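Peer 1: Need coordinates for the below:
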Amino acid sequence: MKILIVEDEIKSAQYLKKGLSESGYHVDIAHDGIDGLFMARAADFDLLILDVMLPGLDGWGVLSRLRETSQVPVLFLTARDAVEDRVKGLELGADDYLIKPFSYAELLARVRTLLRRQPVRQQEIFALADLEVDILKRRVVRGGQRIDLTNKEFALLHLLLQHKGEVMSRSQIASQVWDMNFDSDTNVVDVAIRRLRAKMDDGFDLKLIQTVRGMGYRIED
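Peer 2: Presented below is the predicted three-dimensional model:
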């Protein structure tokens with residue numbers, strides 16, 4: 001996971017980077033608020049450790065502007081321990097607040113807690129052989145050709161790609177794509193697979209969607 005430390009005290013920043021790196025995190029550092037805000041917006045960080053008193057743009061300003069476009073967790077580090085300062089940080093969207101001086105063990109515990117709160121990120125791009133699927137843009141391309149799918153066809157393809165190489169039973173597919181349980185003798189899944197194949201595999205030598213007789217379907221190359 002990636003952490004950005006925005007701290008103007010060089011020794012403190014290096015101390016935190018060393019400890020967090022040894023704990024298995026990838027850590028970047030910014031030494032002023034302007035650079036910190038730019039880096040936070042430009043890269044995909046999992047957590048920001050943000051000092052309040054910063055040159056260029058203070059931590060309040062960084063957080064306020066960051067929250068216009070991002071909900072990345074933010075842990076404030078500051079020597080300012082007044083209640084009103086802590087309330088201000090939380091109201092601006094900080095997720096936690098740690099007063100200097102602090103123990104590294106406490107900081108690490110809070111970092112781990114904040115990172116555990118985050119939802120698991122879904123993969124956004126899937127590539128398989130000559131197939132590329134962009135989940136966010138809902139764009140499907142195979143062999144350079146754009147393929148138009150219905151909502152259910154796209155959901156079915158997404159599910160198969162999430163379980164690439166695994167056999168998905170008809171009941172699993174039905175429950176996750178249609179959000180309901182179908183009788184075992186229904187052919188709705190088979191029909192949907194047949195329509196998806198017609199768009200995805202017909203005209204291509206390599207067939208990606210495979211039938212596993214008596215078990216279900218899978219996608220692999």
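Peer 1: Give me the neighbour count for Glu7.
Peer 2: 24 (other CB atoms under 10 Å). (Each C-beta comes from the backbone N, C-alpha and C, glycine too.)
Peer 1: Run through the neighbouring helices and strands of the worst-scoring helix or strand of the chain on mean pLDDT.
Peer 2: When the helices and strands of the chain are scored by mean pLDDT, DSSP states H and E, helix 83-92 comes last with a mean of 76. Under the contact criterion of 3 or more CB pairs under 8 Å, 6 or more residues apart in numbering; DSSP states H and E, helix 83-92 touches helix 59-66, strand 74-78, strand 96-99.
Peer 1: So what touches the shortest one?
Peer 2: Where contact means CB atoms under 8 Å, 6 or more residues apart in numbering, the residues beyond strand 96-99 that reach it are 73-81, 86, 89-90, 106-107, 110, 113-114.
Peer 1: measure Gln210 to Tyr104 for me?
Peer 2: Separation of Gln210 from Tyr104 (CB to CB, to the nearest Å) stands at 52 Å.
Peer 1: ugh, wrong one, Glu220
Peer 2: Using CB to CB, which is the criterion applied here, Glu220 is 46 Å from Tyr104.
Peer 1: which parts of stretch 89-101 are buried?
Peer 2: Residues 89, 92, 94-98 are the ones in stretch 89-101 that count as buried (16 or more other CB atoms under 10 Å).
Peer 1: now, which of those sits nearest Val140?
Peer 2: Comparing the buried residues of stretch 89-101 against Val140 with CB to CB places Asp95 closest, at 36.5 Å.
Peer 1: what's downstream of the particular helix or strand that has Ile3 in it, the next helix or strand?
Peer 2: In this assignment (DSSP states H and E), Ile3 forms part of strand 2-6. Downstream of strand 2-6, the next assigned helix or strand under DSSP H and E is helix 10-22.
Peer 1: helices and strands around that following helix, which ones?
Peer 2: By 3+ CB pairs under 8 Å, 6+ apart, helix 10-22 packs against strand 2-6, strand 26-30, helix 104-117.
Peer 1: Now do that helix and strand 26-30, the angle between them.
Peer 2: 170 degrees (axes from the mean of the first three to the mean of the last three CA atoms, to 10 degrees).
Peer 1: what's the angle from helix 10-22 to strand 2-6?
Peer 2: Using the same axes, to 10 degrees: helix 10-22 against strand 2-6 is 170 degrees.
Peer 1: what about Asp221, how many neighbours?
Peer 2: When neighbours are defined as other CB under 10 Å, Asp221 has 12 of them.
Peer 1: Specify the residue ranges that define each domain of the chain.
Peer 2: By the assignment in automatic domain parsing, the chain contains the domains 2-117, 125-219.
Peer 1: Between the two ends of the first one, what distance do you get?
Peer 2: Between the opening and closing residues of domain 2-117 lies a distance of 15 Å (CA to CA, to the nearest Å).
Peer 1: Ok, the shortest one next?
Peer 2: Between the opening and closing residues of domain 125-219 we find a distance of 16 Å, counting by CA to CA.
Peer 1: tell me the average confidence for stretch 45-53?
Peer 2: Stretch 45-53 shows a mean pLDDT of 93.
Peer 1: Any buried residues in that stretch, and which?
Peer 2: 45-52.
Peer 1: cool, and stretch 109-120?
Peer 2: In stretch 109-120, counting by 16+ other CB under 10 Å, buried: 110-111, 114.
Peer 1: Stretch 100-117 - what's its average pLDDT?
Peer 2: 89.
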